[in-house]
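Chemist: sequence unavailable; structure follows:
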């Protein structure tokens, strides 16, 4: 199962986020830097993001700086909201699978 979101920024370049199985792959490229690919295990992401100006940031479950940062409402608000909802749900589910913990709905 794959879900993808591509975000473009005039100065920062392109950021592609892809959900695959139990990971989030973030590929960034820009006019002043090369291509960079990072993989994050979804079980390590805190599913409750923090709004920071024009970005939505996902921190790790161990408090540190943001692990993943998305441009808010790009490419459009509906696609952005759908991807963020899916990312939050998958992060919760992966953490639940890892720990054996289930939420109130039994999922």
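Modeler: Good, I have the coordinates. Everything numeric in this text was worked out from a predicted model, so none of it was measured.
Chemist: what residues does stretch 82-93 touch?
Modeler: Applying Cβ atoms under 8 Å, 6 or more residues apart in numbering, the contact partners of stretch 82-93 are 3, 5, 17, 19, 24, 42-43, 45-49, 56, 58, 70, 103, 107. Quick note: C-beta positions are derived from backbone N, CA and C, even for glycine.
Chemist: hmm, which of those are the buried ones?
Modeler: 5, 17, 19, 24, 42-43, 45-47, 49, 56, 58, 70 (16 or more other Cβ atoms under 10 Å).
Chemist: how many other residues sit next to residue 99?
Modeler: A count of nearby residues for residue 99, using other Cβ atoms under 10 Å, gives 9.
Chemist: and it, how far from residue 3?
Modeler: Counting by Cβ to Cβ, to the nearest Å, the gap from residue 99 to residue 3 is 23 Å.
Chemist: quick one: the helices in the protein?
Modeler: 77-99 (DSSP state H).
Chemist: isn't residue 31 right next to residue 10, touching?
Modeler: No - taking contacts as Cβ atoms under 8 Å, residue 31 lies outside contact range of residue 10: 9.5 Å.
Chemist: more crowded one of these two?
Modeler: Taking other Cβ under 10 Å, residue 31 and residue 10 do not tie; residue 31 has more neighbours (9 against 6).
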